[in-house]
Structures are given as structure tokens and as C-alpha cells.
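# make a model of this:
(4 chains)
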Number of protein chains: 4
Amino acid sequence: MKRFRVGVCGGSGYTGIELLRWLKQHPAFEVVFVTSESQAGKTIGSCEPYLFEYADMVYVSLEAESNFRGVDLVFLALPHEASAAITPRFLQAGIKVVDLSAAYRIKDKTVFEKAYGFTHPSFDLVSEAVYGLPELRKERVAMARLVANPGCYPTSILLPVLPLLEEGLVNEGPVIADSKSGFSGRGRKTDIPGLFSEMNENFYAYSVGNHRHQPEIAQEVSFSAKREISVIFTPHILPLDRGILSTIYIPFDRDPTKEVYAVWQKSYEKAPFVRILQGRFPQLKWVQHTNEVHMAFTYLASQKMGVIVSTIDNLVKGASGQAIQNANLMMGLPETTGLIIQKGVE
Amino acid sequence: MKRFRVGVCGGSGYTGIELLRWLKQHPAFEVVFVTSESQAGKTIGSCEPYLFEYADMVYVSLEAESNFRGVDLVFLALPHEASAAITPRFLQAGIKVVDLSAAYRIKDKTVFEKAYGFTHPSFDLVSEAVYGLPELRKERVAMARLVANPGCYPTSILLPVLPLLEEGLVNEGPVIADSKSGFSGRGRKTDIPGLFSEMNENFYAYSVGNHRHQPEIAQEVSFSAKREISVIFTPHILPLDRGILSTIYIPFDRDPTKEVYAVWQKSYEKAPFVRILQGRFPQLKWVQHTNEVHMAFTYLASQKMGVIVSTIDNLVKGASGQAIQNANLMMGLPETTGLIIQKGVE
Amino acid sequence: MKRFRVGVCGGSGYTGIELLRWLKQHPAFEVVFVTSESQAGKTIGSCEPYLFEYADMVYVSLEAESNFRGVDLVFLALPHEASAAITPRFLQAGIKVVDLSAAYRIKDKTVFEKAYGFTHPSFDLVSEAVYGLPELRKERVAMARLVANPGCYPTSILLPVLPLLEEGLVNEGPVIADSKSGFSGRGRKTDIPGLFSEMNENFYAYSVGNHRHQPEIAQEVSFSAKREISVIFTPHILPLDRGILSTIYIPFDRDPTKEVYAVWQKSYEKAPFVRILQGRFPQLKWVQHTNEVHMAFTYLASQKMGVIVSTIDNLVKGASGQAIQNANLMMGLPETTGLIIQKGVE
Amino acid sequence: MKRFRVGVCGGSGYTGIELLRWLKQHPAFEVVFVTSESQAGKTIGSCEPYLFEYADMVYVSLEAESNFRGVDLVFLALPHEASAAITPRFLQAGIKVVDLSAAYRIKDKTVFEKAYGFTHPSFDLVSEAVYGLPELRKERVAMARLVANPGCYPTSILLPVLPLLEEGLVNEGPVIADSKSGFSGRGRKTDIPGLFSEMNENFYAYSVGNHRHQPEIAQEVSFSAKREISVIFTPHILPLDRGILSTIYIPFDRDPTKEVYAVWQKSYEKAPFVRILQGRFPQLKWVQHTNEVHMAFTYLASQKMGVIVSTIDNLVKGASGQAIQNANLMMGLPETTGLIIQKGVE
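Have a look, this model is predicted:
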């Protein structure tokens, strides 16, 4: 198998560490550098002692010259603004980029800058960037230099919903996505609400009506539907490590159950990470530590309402696993490389 | 303070134990018997060693003759069918009943029997039973012989929603209640899904479209609105001990925020357990081990959607605390007796 | 009941907040000020929205002049160094002090300064300070101006062990205390190891052989034994909010079970918060949110080893509850005031 | 790579399911049958929907004739008595056995029958059975027909302790092992103490002085030391899914730190799953979902006491992972096969 040299930018946050975990067993990607501004100069082992395979590797600064030479692809697990600043330099050096930040997800500059609060220094790249949902845009991802890796909440909502919109199954909406995420989705920032005793045995909604993933979801929903569809999105935080479960409400005039499953089965026939459940609803524990998305549908006839429940692991399919899946396609590898252990071919 | 003799029927489940916890510090209620069919003859201390105050009290059978003599009020924390069978006998003996089961909540016999799967032996009492939301029906509760204590999910949904319906603020609906409950709401039944390792780090929706609390919620919503309102209710189970958070979606043509808060403030002006939050959404940790309900509202103008978030402790306001609040009113006591510690009057 | 005016110094950490929770229902103590250097000038409600009873009270600085006037007693839930600096000023103003820091616990200046790393500015007060284990030193606490409230781990270990030493039941030792604490014992400092996702599903030993509570435990053990006894103490952190369980190993040449229980029963005959368990070992859930300590003993005859298991709630009996118990005694009140709800006297 | 046909007996408990999880990615072992007495006749998918790779495989009875034909090796994740009954039949059919029960661990029949409470029907096989700690007994395991897979607690204690005993570093003892296990170590039995709400936020010691793993540990300790060494073992249960941390106390007259590390390094030089930590103590989170054991040592000079902290995942190194490691050796495979993903050889 051909091997590629990859870098991980931002290797001391949760998505960066999750990238390192998966990449240590990836047969085609060799991690040649890992950046961390806060830990630069220290060994990874001194900071994250459980990453034994990287114990003696030293965190470097994002600015290190060598990061730009002899590297095939970089994963950016950086703050949005840092991604927007550094991406052009990697691309100029001929290095492909999978950006796990939101820097290149939103196509409308005004919407982006309102949501993220800074002037985008490289917005011209947005038009080139491919929104990386590989199940739905495999060819475009394969040809991309720059992939905008989708947000965790959007991934859990868009994978079940977009095919239904594209096939015209949904009338007007609204689409209401009531989403619940594990704590790690919040990132590794240190503040009082992040402390164990504040979150343990707790549960709450946050950013009600103004979460940054709302415009991202609405944009993709409208692209697929080819018209405005009203999207309501309410995120909540769960007292557990990882996983997102989205409960999605869509009105239907008559029972669309058969069509929904037919559309899903057709759309995801060749999608190794999608599991379509019938007769049972998914549980978070079934997807943790996998790159899978699970989805199920039911129709409430009296209320003329369809209900989808979908689950992903926010750090895997919602971030680092999907990033590797995109990178695999960008480098011409099977999308499952390093993400599924194939029986009998170890 | 006048004192009353009370019995707890079903004292080995979670709501029964929660009743015992609160009653041990109730200044006016003396627990004179506790029943348990599975533990009859054993001391409470041998079964639940942390209930030190009841250590030497012996569980009796529900059928024990003495349960029907010299008792002022009984709390029934029994299976629905057992409640329906025993209630007439307590009433005939002149004993008031607060029933924590669903036996007397549903006014339509067909709906009840479909949801609960047995022929109701005392359905004639349903018309007399008061659905015990004391904040909204204080006088009726005070005069009742038989109170049907509301379900935990319905309590979390109805308290914020009913006043809005009664004041005509809501047009058509649908009202979508996406509810998340702590594990104890499931009861103390022993099965594999109830084991710690199955629930810990897990989260899922269940009974989607067919939970027994759906007709209960729909009934009360329609009573208050004086017309059919479509109600969608999806329960989920959280990996924590106690608490329900309901995220409730109601469409509004224009921003009703001021009216919503005005109606809530008026309805709950004298309600000691209701806290109306403005500018922040409630968290489960804030209500645990209290008889309070917290509620907040926001309007999503672009989507013309109102979002309510409400929280209760499912074992307290959602069950045993509300039962004591009802019992207080039935015995002519202040509703907070034994539920709020008054500074300076210990 | 006579009422007293009390202050809480350090009201934004876990022990300060726990003090506020208990004091809001204390019949004799009125909280007249709460300090917080980081939040001074803000309302308590804006920082800790669930403390509804204190919603409009404003955090003041420790230095505010009014803190020193018309106050009967202060609780210091401050960093050790801040306690050591401010205590003399409260005492000079005629205000009694219960210090929840370690500033006045260690009688040997060298040992103290080695363990705590600063030069003690008021070490002369140490000789006056009473180490506040009210079950064992009730009279001395009642007469004290200054009580050094014991550490959480020491409380869990000393209450079962000291009476055995005082009665001469223990030969040489060593006494090995393997202790496990809930997360809140660590305080509310914000750092990466404190984040939910780092602690959840995790467990570990820390400060092995060099925890600051080791000299505190060793000092009290030797005082009671009237000779050096070797003490080994290993703290661990549990993925739960509150509680300490200590498993304590003491060698005995022959079975001392009867004597152990006899000594405990005699020592704690009149101790309302001590529960001596026989035939079962205590569980953390049984003491949470109480001021109780539970203890049990067994003897392993083949190995000539005694095993004690003890439990407390680290924030209550291990800190704020014990502080109130001490304060009650210092003000001439029954030690249970505000800590146990008396049936029938509300 | 040569492939072998294996069976899993007892595939609906936690260790059986963990075997299935690891075996689905094992390159040399093909699972040809899975037994479950309670679920026989049902598909695995209908019982454990997340085991997608086994969805259509049908649970068979342990007695099914075909289980005894064309199979190379069986894993027994059965009750002790069932293992003791069926093992001779597998061996007679020429099938190798890795027994995860305790049936063949204890060499003294009286000790065994006292601890396990039944008359052993095939005790003659005990002398042949190899106690399968592959790090210490690699050659013997490789030649075995029958491996007694060690208990989870013993594995966590014996791996760090036995080499010290064999090298004569330990004088007299006693060896005190204070062990804490995740909930899954308890198995999947349904009872009230196993319910989520009973275990969550809880922690306790159990079977103090009489746990069945005590004689197993004592036996191996005495074998290695070649004399009686007193062993005290106290198990506790943690509110988390998986992992055991053992804190082990051994007296030493003088500081043995260098020798301890030298012995460990020599003993485990070629042990791919052993990680020897210096300067830090292990955390449970670092071993979960791995077949590793971590160990560290410190010496408390004043108390003349050595402290070891060791960690394993109770379901992997403590059960199913170690079973596969043993099976690999028995079939002539590298011991890491299917347990470590080798970079670049997928």
C-alpha cells in the first residue's frame, strides 16, 4: 500500500488527540508532525501519557518551516481563525488540507462573519472548498485540495435528512432537530461549567436559537432542497463522553415510511459507515468509538409527523473519523482505510 | 400543628422510597404503615439500610386489615392495576387517596384501556378524581377525596404549557415535547437494559410515538385549549439518576415572549415551587432533590417558533413531592409543608 | 431561638456554596455577608443561579470594612494563606472563626510550612485553635474562639480510628488508609484534569506518599495513641460528585471485633451523626447530602488484619456540615441545629 | 495466515460479548458457533443489535452436537459449574479450551469447593490446566490443551507482584491489595443492586475478607514466593463501565525502588502488553479497551512501605483479551494477533 506523510495541526485538543488515536493504526498515513501552540517543545508523552505510540514525538509550532515540506496532507484541528490564516500557506506548498474547523463551511461571507465574529482572511477559498460529507459527495471530495469537514451536529442531522430533501419527499418543513451531544463536543477549554462536578448528573440546552451550527445546517438543507426550508436546531449537552443523538421532526401529509427507507437504502447502498435501522431506534452506546451513523424513522399518523432518530460519535464520524475518511478519498484510498479493521487481512 | 396518620402503599420502589424520605421530615404526617408485597414481613432496614428512620418498621401486605383503620390518607405508589383495585376500599373506609399510578388520570375509558392494557375495575371513580396539578387546580385538590397524581413527563410539559393554552396564546400547534428523563423515571424493575453498564454512557429515545403519557398530555392540553391540539411527545432516557428536561416547540406567528412571561407570572404568582427564568435556560442540576419546576421561553423569529425549556425532579415534583403537595392541600395544610424548610421556624 | 449573624468568606468555591446551601435553612444563623475576590460586586444570583435564596445578595471583598462589624462568627472557606492572613483580624474584632482551610490544623510549624509551602503569618494562633472533631472534643470546641475544621480525608479516617487508639486497642500499626474521594474534594479550580471528559469513566491514585492530609492524620493519630504510629495514606479520585470512602487496614494479634464495636458504641453513644454498622459495609450513596459518618469493622483471622470501612460526604461532614456543627457548639446551640430536620417541630 | 475455527460458549454475558467484539477483527480466528442457553434459537442481532457482524448468526445450545466437530478451540465464558461439566467433552473431542471461569484455577480441591460451593466433576483436569498469565508462563501456555484464564482482580495484582516474589525482593508481607473494579466485572446478572440508579454516584467495598479471588491470589503468590505469604484483598466497585485499579501495599525494610523496576523491566522486556510507568501513576482511562497492564511503584521511606498501583481493563486483560492472548499462543500465533493493530500491515 502506498504511504503518505500527514501532519496534525492542533494535537492537544480532543479532535486532534482523536486523530492521533486513529492514525496510529492507519496503514497508509504516517504522522510526521503534530503542532500545539500551548505545548510546543514538549513531548507528546509528557502531555498525554496514554498516547504511548507518540511518547517521544515533540509538539512543534504551527509556524515551523518543516511543516510545509515533504508533507502530503494536513488535518487542521485548530481554532477557526487559525485555520483561516494557515490554510492558504499549506495549499500553496502543494499540501492538501482537511479542515476540521468551520472556516470553510459557510458559503455566505456575511453569515459566516456574523456567526464566527472575525473577518475571514481567505474567504476566496470557500468556493473551492468541498463540504466533506463523503457519503453524499464522494467524487467531489476525491478531487478536492481543501475539504471543509462538517460540524458534528450537522453530520448527525444532514446524513439522514439530505437524501429525503434531494428526492423531494419533504414539503415545507419546518425541520426541527433536537440534538444531544456528549461533553467532548464542547472541546477541551478549561472553565467552571466544564468541570466534572458541574456537568456530572446534569443536562441542559444551550445556545438555544443561536448556535453556530444552525446556519451550517440550514445552508446544506436549502442546497439539497433547492429552496428555503425552515430549520430549528436546539443543542443540549449530555453527562457522557462521546456521541450525538438527534431527534428530528418533519411534518408529512401522509405516511412516507416506505419512501424514506427506500431513499435511504438507495443513497447509502455503498456507504460502509451508514446503518439503517428498522423496527428499533439507535442508542448512543452502539456508535461510540466507530465512524458509523445510525438512523431510523417512524411516522406518527395522528399527528402527521415524521420522527427520525440518528446517532454518531461526535469525535469520530462527527470530526476526526470523517476527516480521515475524507483524507482517504483525497489520496485515492478506499474510504474505510484505517477506520474499519478488515477480518483476515491484518 | 395538627398531625395526620398516613400510609405508603408500595414502599420498595423508587417513588415509594422517595415518599418515605420526604415524609420522615414532614411535621404533620406520621407514617403508620408501609406496604410491599415482595418484602412483606421484613424490616425496612433490612431491605433499604439507608432509611435509618424506618429501620425497624416492618413492611406489611397491602391487604393487611389494619391499613384500613385509623388512617387519614394513603399514598399509592403501586402498579396501575393494583391501584385501580384497592382505591375503592380505602375510599369506603373514609381514607383519602393520592394515587401516584395512572389509574385515574385518563377520562376516556377506551383510551385508558388501550394504553394500559387491562379492564379498569373502578372506572366510575375517574370522574371524581382530580388531576393533581396543585398550581392550577388548588381548590379542587383541596376538596378531593381522590387525587390522580400526574405523570412525571406530563408535569414537566403541562405546567409551562397549560396557562398559555388557557389564555389563548397558542394557535394550532402542533406542540412538540422532546423530553429527557433520568433513569429513576423508569422504576426499579430488574432487567438487562436497567443494568448500570447498559445505561451508563448511553442515551436513547424510547416508546417513540406510543408512550403512555402521550394521551395524558394530549387530554390535558385539549381540556385547557378547549379544542384538539396536536401533541407530539418523544421520551428519552439520560444516564443520570433524577430529573426531566423537556424542550417544547410551539409555532407562533409573531413574537409572544412578553405575553408568555406575563401569563406565567400571573398564573404562578402564588406558586411557591415555580421559578420562571429569564435570560437563562434551566439546568437539571438546579432542580434535583427539590419540588420545583423551572421554565424559560425564547422565540426564534426567523423560524416563527417558540421554544420552552422546563425542568423538574421526576421523583419529587414529578411524583412523590407533588403527591405530598396534593396531600397537604387535601388535609388543609399549607402546600409547602414538609417540602420547603422555613428559615427560623425549625 | 436566639439568632446569630454569620459571614461566609469564600462563597464561590464548592465548600462555600455548600455552606450557603445549609445555612439557608439554619434557624439560628443569618448570613449577613458572602465574600468572593473573583466575583466581588456581582450578585450571587448572576454567578450561581440555583442559589435562589441569595439571588440578589452581592459578593463583597474579604477586605470590606463591614465584614468586621456586628458579626458573631465567620466561616472561612478560603485558600490556606488567605485564612492565615485574615483570621487574626476577625478574632481581634471579637468574631469567632471556623476555618475550613488547613491554616491552623498542624501543630508543628516546620511540618506545616513544608506541606503548605508558605511562611505562616499567624502561627501563634495554632496553639489556641481547636481541631474541630466535635464528636471527640465537644467541650473544647464549645469554648473555642477559633476552630480548625478538619480535612475531609482526615475526618473519614480519624473518627473510626481515634477511639481505638485512645482505648489502647491498637498495638503498633501501621495504619494504612486507602481513601477514595468524589471529585468535589478537589475544589473548583479550572484545569484540564478537572474537565468532565478527563474524569468521567476514570479513576486514579494521586499524591501517593505526599498528600498534605498525611501529616494531619499522623499528628492526630499520634496524639490519641500517645506515641508514634506509622500512617500510610493513599488518596484516589472517584468519578462521582461527593463522598469519601476510606478502607483502613490495622493489624491485630487476635480478633478485636467485640472491643472495637464496644469502644465505638461508648465513644459515639451521644453522637447524632455517627452510625455504627454491623453485618454490612457502608456505601457512599447512604451518606451523600448528610452530615453523617458511617463505619464498620471486620477481622480477617488468617491474616491477623482488621479492616475498617468508613464513609462521609466530603462536602458535608468533611467540610461545611462539620463547620456548622462546630459553629453550633461555639454559639451554645445543639450541635444538630440546621443539620437534621426534626420531625414535628417545623 | 493460517486460520482456526473457534467457538464462544456463553455469548450473551459481558465477557462473551467482549470476546465477540475482539474476534470479529481477529485475522486468524473464525467464530463458528456461539452458545447461549437463555437465548438459544434467537439471532445474535435480535439480542445484541450493536453486534452487526454477528447479526444473523443464531445462538445455539452448549449441548449442540455440531459444537464438538471441526472446531479447533473454544472459549468458555460460562458459569463455573457449567465449565467444569463441559470441558472434558471438548478435550475428548480434541478441541483446545480456554476457560474464563474459575473451574480450573485452584489447585487445592478443598479450597476450591469451599469457595465455589459445588463438587467439582472434573477436578483431575486441574493438574493439567495451565494458569494462563502469558507474560510469565508463555511456554507452558503454548503447549497447553486447557488454559485456566486468570480472574480479573488476580491479573491486576499478580502481574506486578509475582516477579518481585520470584526474585526474592519481598520479605514477609503481608501483601495488601485494595482493588477497585468497574461495574462490568460483576457480570450481567439482573438484580436491584445492579440497576443504574443504585450504582451511579455510588461506591462501596464488598465481599470484604471472603471474595473468591482471594484464594486464587494467595495460591499464586505462595507458588512464586515458594512459601506462605499473607495476602489481604479487598474488592470495591466503581461507578464506571470497565477497568480495575489495584493499590498494593508491601513492606520493605529499605528502599527497593531500583530493584523493583529492574525486575519488572527484565521480566517484561518482551511483554508487548505491559507498560512500566516511572514518575507517574496509571489512570483507568489509559487502559480501557486495551489488553495492557500498567504498573508503577513508589517507596514511602518514613513508613518503610512500598506502594504499587496497577491498572487493567477487567474485560480485556482481565478476561477476554487475555483469553485471546492465551489462545494465540496455544495455536502457535504471535500473542498480539488480533489484539494490537500493526501499523502498515493492515
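# tell me the pLDDT at residue A:187?
What the model reports as pLDDT for residue A:187 is 96.
# and residue A:21, by the same measure?
Looking at residue A:21, its pLDDT stands at 96.
# likewise for the one 4 residues further on?
At residue A:25, the model reports a pLDDT of 92.
# the residue lying closest to residue A:13 once chain neighbours are set aside and residue C:195: what is the separation?
Using Cβ to Cβ, 6 or more residues apart in numbering or on different chains and skipping the chain neighbours, the partner closest in space to residue A:13 is residue A:188 (4.9 Å). Using the backbone N, CA and C atoms, a C-beta is placed for each residue, glycine as well. Residue A:188 sits 6 Å away from residue C:195, going by Cβ to Cβ, to the nearest Å.
# who's more crowded, those two?
Counted by other Cβ atoms under 10 Å in any protein chain shown, residue A:188 and residue C:195 do not tie: residue C:195 has more neighbours, with 24 against 16.
# who's in contact with the more buried one?
By Cβ atoms under 8 Å, 6 or more residues apart in numbering or on different chains, the contact set of residue C:195 is A:183, A:188, A:190, A:194, A:195, A:196.
# these in helices, which ones?
residue A:196 (DSSP state H).
# quick one: contacts for residue A:109?
Counting by Cβ under 8 Å, 6+ apart, residue A:109 has contacts A:120, A:123, A:126.
# any low-confidence regions in the stretch 201-346 of chain A?
Scanning the stretch 201-346 of chain A for pLDDT under 70 picks out A:341-346.
# strands of that one, start to end?
In the stretch 201-346 of chain A, the segments counted as strands under DSSP state E, counting those that start in this stretch are A:204-205, A:231-237, A:244-251, A:274-276, A:293-300, A:305-312.
# can the ones you listed go into JSON lines with extra columns for distance to residue C:66?
JSON lines is the format used below for these (distance: least, Cβ to Cβ, whole Å):
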{"stretch": "strand A:204-205", "distance to residue C:66": "36"}
{"stretch": "strand A:231-237", "distance to residue C:66": "40"}
{"stretch": "strand A:244-251", "distance to residue C:66": "50"}
{"stretch": "strand A:274-276", "distance to residue C:66": "65"}
{"stretch": "strand A:293-300", "distance to residue C:66": "60"}
{"stretch": "strand A:305-312", "distance to residue C:66": "55"}
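# which of those sits closest to residue C:95?
Of all the strands of the stretch 201-346 of chain A, strand A:204-205 sits nearest to residue C:95, with 39.4 Å by Cβ to Cβ.
# please list the residues of the stretch 151-300 of chain A that sit near chain D.
Residues of the stretch 151-300 of chain A lying near chain D by Cβ under 8 Å from any Cβ of the partner chain: A:201, A:275, A:277, A:280, A:283, A:285, A:286, A:289.
# which ones are touching the third one?
Contacts were defined as Cβ under 8 Å, 6+ apart; by that measure residue A:277 touches A:294, A:295, A:296, D:49.
# ok, now how distant is the first one from residue A:150?
Read that as residue A:294. Residue A:294 is 17 Å from residue A:150, by Cβ to Cβ.
# excluding its backbone neighbours, what's nearest the residue in the stretch 151-300 of chain A that chain D sits nearest to?
Closest approach between the stretch 151-300 of chain A and chain D, counting by Cβ to the nearest Cβ: residue A:286, at 3.9 Å. Leaving aside its sequence neighbours, residue A:286 sits nearest to residue D:50 (Cβ to Cβ, 6+ apart; 3.9 Å).
# burial count for the residue in the stretch 51-200 of chain A that chain B sits nearest to?
In the stretch 51-200 of chain A, the residue that lies nearest chain B is residue A:178 (4.1 Å; Cβ to the nearest Cβ). By the criterion of other Cβ under 10 Å, residue A:178 has 26 neighbours.
# now swap in the one 4 residues further on and tell me
Residue A:182: 27 surrounding residues under other Cβ under 10 Å.
# for the closest residue to it other than its chain neighbours, give me its contacts.
With sequence-adjacent residues excluded and distances taken as Cβ to Cβ, 6+ apart, residue A:182 is closest to residue A:242, at 4.3 Å. Taking Cβ under 8 Å, 6+ apart, we find residue A:242 in contact with A:182, A:184, A:185, A:288, A:289, A:313, A:314, A:315, A:316.
# now the two most distant members of those.
A:185 and A:289 (15.0 Å).
# let me know the secondary structure of the residue nearest to residue A:286.
The three-state assignment at residue D:50 reads coil, by DSSP: H, G, I helix; E, B strand; the rest coil.
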